[in-house]
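In: Attaching a predicted model along with its sequence, questions to come.
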Amino acid sequence: MADNSNADVKKLSFENALQELESIVRRLEEGQVALEESVTIYERGEALKRRCEDLLRQAEARVDKITTDAGGKPNGTEPLDVP
């Protein structure tokens, strides 16, 4: 696993952050990690989760919905409505 400092989390791609987060979850679920290390990797997992959520929000903001005219032909785009 990468260095346990949370500073590098902001540099990770979505895929890398998610992969590391999944690895942390597996380790915690196995229950074979000492208490102090569990707390440390849990905190890193929280930072990774926030990174993934931020990147997803950014991607959603960039997605456009294709609009069509009365004849069904594409005539432009508009921001996707995100609930």
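Out: All right, it came through fine. Residues are numbered from 1 along each chain as shown.
In: Can you give the distance of the lengthiest helix in the chain from its chain's centre?
Out: In the chain, assigned by DSSP state H, the helix with the most residues is helix 35-62. In this view, helix 35-62 has its centroid 7 Å away from the chain centroid, taken as Cα atoms, centre = their mean, to the nearest Å.
In: How about stretch 58-75?
Out: 25 Å.
In: now swap in stretch 7-23 and tell me
Out: Distance, centroid of stretch 7-23 to centroid of chain: 8 Å (Cα atoms, centre = their mean).
In: quick one: contacts of it?
Out: Residues lying outside stretch 7-23 but in contact with it, judged by Cβ atoms under 8 Å, 6 or more residues apart in numbering, are 1-2, 44-45, 47-52, 55-56, 59. Every residue, glycine included, has its C-beta placed from N, CA and C.
In: circling back: helices and strands around the longest helix of the chain, which ones?
Out: helix 14-30 (3 or more Cβ pairs under 8 Å, 6 or more residues apart in numbering; DSSP states H and E).
In: List the buried residues in the helix it packs on.
Out: Buried residues in helix 14-30, counted by 16 or more other Cβ atoms under 10 Å: 17, 18, 20, 21, 24, 27.
In: ok, back up a step: now the contacts of stretch 7-23 in a markdown table, with pLDDT and distance to residue 71?
Out: Putting those into a markdown table (pLDDT from 0 to 100; distance: Cβ to Cβ, whole Å) gives the following:
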| residue | pLDDT | distance to residue 71 |
| --- | --- | --- |
| 1 | 43 | 55 |
| 2 | 42 | 53 |
| 44 | 97 | 53 |
| 45 | 97 | 51 |
| 47 | 97 | 50 |
| 48 | 98 | 47 |
| 49 | 98 | 45 |
| 50 | 97 | 45 |
| 51 | 97 | 44 |
| 52 | 97 | 41 |
| 55 | 96 | 37 |
| 56 | 93 | 35 |
| 59 | 83 | 31 |
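In: what's the distance between the most centrally placed residue in the chain and residue 75?
Out: Taking Cα atoms, centre = their mean, the centroid of the chain lies closest to residue 52, which sits 1.4 Å from it. Counting by Cβ to Cβ, to the nearest Å, the separation of residue 52 from residue 75 is 35 Å.
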